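Chemist: Model the following, please.
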Amino acid sequence: MTQRFLKSAKLFQFFSLDKWLLFAIFLGVFLRFIYIRNREFWYDEVLSLLLATGQKLGYKTPEAFPVSLSDYASLLTLPVESNLGDILTTFKNLLRGLAAEPHPPLFFITQHFWLRLFGNSETAMRSLEVLLSCISIFGAYKLGKIVANHRSGLLLAGLLSLNPFFFFQSLNIRMYNSLILWVIISALASLQIMTQDLSRRQQIFWNILLIFSVTCGLMTFYQYAYFIVALAALALFLYPQNPQKLILHLLRLGVGVLLAVPWMLWGFSQQIKNADLGRFNTPNNVFIAFFLHLRDVAESVGVNLLIGDWQTSLPLHLIVSTGILFSLFLFAAVFILWKPERQKLGIALILSFLPLFIAFAVDCATQKYTLAENSKSIIILPGSLLLLSLAITHLSPRWQKPLIATFLLLYLSLSAGDFSLRNRQMFHTINGIIQQQPTTPTLIAMNARAWGYILRLAYYIKPNAAVMLLAQESANLAPNLEKLFNYEASIYQRILWIDVAAPIWSPASTPAEKQKVENVLNPKFKLTQTQELFGTQDLDKLSIKLYEIK
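Modeler: Numbers count the residues shown, from 1 in each chain. Got it, this is the predicted structure:
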C-alpha cells in the first residue's frame, strides 16, 4: 500500500503544473526550429533581405521592356568584395539605403552581419530571429519571477513561447521580434535595479544592460519611445517618496536615449522627409475618428493576445470582437489583483496599458491611426501577458490548471495551425512551372511592379532558368506585350502570365484589361495550364496562366 502511494505521488509530481509549463516553453522553442523553413519569404521579408545586403540603392523598378531576373537576384546577396574598402563601401550603402526607410537601422544592421556569417537562405536569415526569441522567453521567465514568483515566471514564459503573434514574429524577418526582446530586457533591468538588493558589481551590470537595451529598443522601432515613458512611470510608481532614486533612473533612461542621438540627427531627419504619413490619416468627423481609434485599440489587443497572423485571413469584426473579449479578461485580472497585489498590479498595468494609452493618445492628437498599422503595438504584449499570469497564479489551484491549460492549448493550436494549415509556397509553385522546361526561353508577364513580387520571383526561380520578366501595371501590360511581340516575337516560346489580385501601388486588373492581354497572346500562343495560388492575404492571390508557342 505504501509503495503504491509513493508511486502515485511520484507520478503526480512528474506531471506537476510547473513541469507542464516547462514542457510548454520547450515545445514553443522546438516548434520554432521545426517551422523555420515552413514558409517562403513574404513581401516585407524580402525587402528586409534587400536592405541587409546593402544593395537597396541598386534596385531599379522595371521599365516597359523585359528585364533579367538574375540582375535582381544578385541584389539579394552581398556584393562582390575583394578588400576592406569594399566591405566599408557596402556598409556605407547599407546606411544610405536605410535613411530612406521608415524604421531605425539596428535590426537591418544585425541582419547584415548575420548574413555575412551564414548566408541568405530562409533558415539562415530566420535563425537570428529564433535565437532572439529564445532569449526573450528566458527574459520573460526572469521578469515574471522578479515581479511575483517562480510559477508566474514559468507561466509568463510559457504563454509568450506559444503566443500566436509572438510565435509568428519569431519566424518573421522584421524588427518586431527583437523589439519584444528590448522591451523585456529593459523592464527586467529596471525592476532588478529598483526592487532588488544588488551588490556593486550587479548594479553596474544591470545599469549597463538597461542603458544598452533602451538604446537598442529606440534604434529598433521608434514606437519604443512609448515604452521609455512607461519605464519612467515605473520609477515614479516604485519611488513615490524618493526623488533621488527617481532622478537616477531617469538619468539612466536619458543616457540610453542620448546614445541614439547620432542616428536621430543624421538618419531620422532624412526618414521624416521620405515618410508617407498620409496613409495614417483619419476622417475629419471627430466621432468617426474616435470610433476608429477605439477599434484600433481592440484590434491591437485581439491580435496581440490571440489572433496573431491569422489577422490576414479573418474579418475585421471578428478580430475586434476578440480584442474586446480579451480586454474583459484583462479587466478581470485587474479586479482579481486590485486588493491583494496592488504593487504587482501597478507594475503590470504600467508595462501594458500605459504604452497602449500613450499610443492611443498620440493617435488621437495627431489624427492618425497607427495602432493597427505598427504591428498592432506589439510592445504591449509582454506586459499584457504578465498581467494575465499574475492574475491566474493568484487564483486557487482549482481554477489555475484549467485556465492555464485552456490558454496554452489555444495558443499551441493557433500557432501550429498558422504554419501547418496556411499555404505560403506560391513562388515555389511558380518556380516548379518554370522548371518543367528550364532551358526554354520564357517570359513572365506580371501586372505588378512592386519589389515584393519582383524580388521573390528573383529569389525563388532558380538561376539556371532562361527567364525574363515584363512587370507592368495592369493598364500597360497588354500594350507593352504587343510592342514586344512586334519586335521580338520569336524569342520567347513560353509566356507565364501572373495576374496579381491586389498589386501594391497600382489597381487590380479589370476584366477588360485581362481580355486585352488574352487578345495579344492568343494569336501566337496557346493556353496549356492555369492555376490559382492563394497565400495568407490578398497580396498573395495570384492567377497563373502558362502559354506555349503554337
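
Chemist: Now residue 109: closest residue in space, sequence neighbours ignored.
Modeler: Spatial nearest neighbour of residue 109, excluding adjacent residues (C-beta to C-beta, 6 or more residues apart in numbering): residue 94 at 7.1 Å. For every residue, glycine as well, the C-beta is placed using N, CA and C.

Chemist: Could you check which helix or strand contains that neighbour?
Modeler: helix 84-98 (DSSP states H and E).

Chemist: likewise residue 252?
Modeler: helix 243-258.

Chemist: elements contacting that helix?
Modeler: If you count contacts as 3 or more C-beta pairs under 8 Å, 6 or more residues apart in numbering; DSSP states H and E, helix 243-258 packs onto helix 176-195, helix 200-218, helix 224-238.

Chemist: Mean neighbour count, the ones you listed: which tops it?
Modeler: helix 176-195 (a mean of 24; mean count of other C-beta atoms under 10 Å).

Chemist: what stretches of the stretch 401-550 of the chain score poorly on pLDDT?
Modeler: For the stretch 401-550 of the chain, the stretches flagged by pLDDT under 70 are 488-489.

Chemist: could you pull out the helices for it?
Modeler: 426-434, 451-460, 474-488, 511-521 (DSSP state H, counting those that start in this stretch).

Chemist: quick one, which of these is nearest to residue 75?
Modeler: Closest to residue 75 of those, according to C-beta to C-beta: helix 451-460, at 7.5 Å.

Chemist: So what touches that closest one?
Modeler: 40-44, 46-47, 49-50, 59, 61-62, 69-70, 72-73, 75-76, 427-428, 430-431, 444, 446, 448, 469, 471, 498, 500, 503-504, 539 (C-beta atoms under 8 Å, 6 or more residues apart in numbering).

Chemist: Give me the buried entries from those.
Modeler: Buried by 16 or more other C-beta atoms under 10 Å: 40-43, 46-47, 49-50, 59, 62, 69, 72-73, 75-76, 427, 430-431, 444, 446, 448, 469, 471, 498, 500, 503, 539, out of the contacts of helix 451-460.

Chemist: Next, the angle helix 176-195 makes with the helix or strand just after the helix holding residue 94.
Modeler: Using DSSP H and E, the helix or strand that follows helix 84-98 in sequence is helix 106-118. Angle of helix 106-118 versus helix 176-195, following axes from the mean of the first three to the mean of the last three C-alpha atoms, to 10 degrees, is 110 degrees.

Chemist: quick one: residue 303 and residue 311 touch, right?
Modeler: Yes - between residue 303 and residue 311 there is a contact under C-beta atoms under 8 Å: 5.1 Å.

Chemist: Of these two, which one has the most company?
Modeler: Set residue 303 next to residue 311 and count neighbours by other C-beta atoms under 10 Å: residue 303 wins out with 27 against 22.

Chemist: quick one: the more buried one from residue 316, how far?
Modeler: To residue 316, residue 303 is 11 Å away according to C-beta to C-beta, to the nearest Å.

Chemist: Tell me where the stretch 301-450 of the chain has strands.
Modeler: 442-446 (DSSP state E, counting those that start in this stretch).

Chemist: you'd agree residue 198 is in a strand?
Modeler: No - checked against DSSP: H, G, I helix; E, B strand; the rest coil, residue 198 lies outside a strand; its state is coil.

Chemist: what number of residues lie near it?
Modeler: Using other C-beta under 10 Å, residue 198 has 14 neighbouring residues.

Chemist: Kindly compare burial across the helices of the stretch 401-550 of the chain and name the winner.
Modeler: Taking mean count of other C-beta under 10 Å, helix 451-460 is the most buried of these, at a mean of 23.

Chemist: hang on, residue 503 packs against residue 474?
Modeler: Yes - between residue 503 and residue 474 there is a contact at 7.5 Å, judged by C-beta under 8 Å.
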